[in-house]
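Colleague: This is a predicted model, with the sequence first.
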Amino acid sequence: STQSTGKKSITAKPDNLEAYIPLAVSLTNESHKIEALKTLRAWLELHPEYNSLIQQVEQSSEQFVSGECTHDFISELFLQTALLKPEDPDPDVQIALGLLYNLSYEYDKAVDCFKTSLAKRPSDYLLWNKLGATLANSGHCKEALPAYYRALDLKPTYQRAKANLQISYQSLEMQSLMQSNPVDLLAEPEIDGFW
């Protein structure tokens, strides 16, 4: 799994910045929110361009304490990091922000972050899938389909995109059924027994 691969990579080489963001994504997918937040913080702590920002944010706000790993604090760190390069956004920072916005159910903001990253990484099939999943999670399954198809164009064997595409189509089918005859679908079925 991505999670075990990421952890092994970080254990073997703790300064491998490329392993942290995918690990945070994997941890989020597995509902390990606190570990994901810690991983995002560790990425910032190790990043040569951004590591001084943590101390600055902690010192400039009485709201946060040293070593904090709450969603609010990590989000504030990444927002401040993004503001360092508004004209030339760092795609990794935007991916982290997209992840953080997903965790707080702010899907429109997450979509914007992923689209910003895609402007710099148009061939990133994982990122296209993240965009699709975020659109689908926000109830925009139809809009998610092109993102999943793009992910599959880039990597036809990518199983997560295939599964997400199928889920979106099933959701759209259910929406269509509900619109065409909602009363029949909500009626209690006749059951002759439990088995």
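Modeller: Looks like it came in fine. Quick caveat, the model's predicted, so the values are computed rather than measured.

Colleague: what about the helices in the protein?
Modeller: With helices called from DSSP state H, the chain shows them at 2-12, 20-29, 33-46, 51-60, 71-83, 91-103, 107-120, 125-137, 141-154, 159-180, 182-186.

Colleague: Can you lay out those as JSON lines showing mean neighbour count?
Modeller: Using the backbone N, CA and C atoms, a C-beta is placed for each residue, glycine as well. Output for those, formatted as JSON lines (neighbours: other Cβ atoms under 10 Å):
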{"stretch": "helix 2-12", "mean neighbour count": "15"}
{"stretch": "helix 20-29", "mean neighbour count": "21"}
{"stretch": "helix 33-46", "mean neighbour count": "19"}
{"stretch": "helix 51-60", "mean neighbour count": "14"}
{"stretch": "helix 71-83", "mean neighbour count": "19"}
{"stretch": "helix 91-103", "mean neighbour count": "24"}
{"stretch": "helix 107-120", "mean neighbour count": "19"}
{"stretch": "helix 125-137", "mean neighbour count": "24"}
{"stretch": "helix 141-154", "mean neighbour count": "20"}
{"stretch": "helix 159-180", "mean neighbour count": "14"}
{"stretch": "helix 182-186", "mean neighbour count": "9"}
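
Colleague: Tell me which residues touch residue 172, please.
Modeller: Residues near residue 172 by Cβ atoms under 8 Å, 6 or more residues apart in numbering: 141-142.

Colleague: Just send the helices of the chain back as CSV, with mean pLDDT too.
Modeller: Output for the helices of the chain, formatted as CSV (pLDDT from 0 to 100):
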stretch, mean pLDDT
helix 2-12, 63
helix 20-29, 92
helix 33-46, 93
helix 51-60, 82
helix 71-83, 93
helix 91-103, 96
helix 107-120, 98
helix 125-137, 97
helix 141-154, 96
helix 159-180, 87
helix 182-186, 54
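
Colleague: how far away is residue 88 from residue 171?
Modeller: To residue 171, residue 88 is 37 Å away according to Cβ to Cβ, to the nearest Å.

Colleague: send the alpha carbons of stretch 83-101 over as PDB?
Modeller: Output of stretch 83-101 as PDB, limited to C-alpha atoms (Å, rounded to 0.1, in the frame of the first residue of the first chain):
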ATOM      1  CA  LEU A  83       1.200  33.200   0.500                       C
ATOM      2  CA  LEU A  84       5.000  33.100   0.100                       C
ATOM      3  CA  LYS A  85       4.700  32.500  -3.600                       C
ATOM      4  CA  PRO A  86       1.300  33.700  -4.800                       C
ATOM      5  CA  GLU A  87       2.500  34.300  -8.400                       C
ATOM      6  CA  ASP A  88       4.200  30.900  -8.700                       C
ATOM      7  CA  PRO A  89       2.300  28.400  -6.500                       C
ATOM      8  CA  ASP A  90       4.100  25.300  -5.200                       C
ATOM      9  CA  PRO A  91       2.000  22.300  -6.400                       C
ATOM     10  CA  ASP A  92       2.900  20.300  -3.300                       C
ATOM     11  CA  VAL A  93       1.600  23.200  -1.000                       C
ATOM     12  CA  GLN A  94      -1.500  23.300  -3.100                       C
ATOM     13  CA  ILE A  95      -2.000  19.500  -2.800                       C
ATOM     14  CA  ALA A  96      -1.600  19.700   0.900                       C
ATOM     15  CA  LEU A  97      -4.100  22.600   1.100                       C
ATOM     16  CA  GLY A  98      -6.500  20.600  -1.100                       C
ATOM     17  CA  LEU A  99      -6.200  17.700   1.400                       C
ATOM     18  CA  LEU A 100      -6.800  20.000   4.300                       C
ATOM     19  CA  TYR A 101      -9.800  21.500   2.700                       C
END
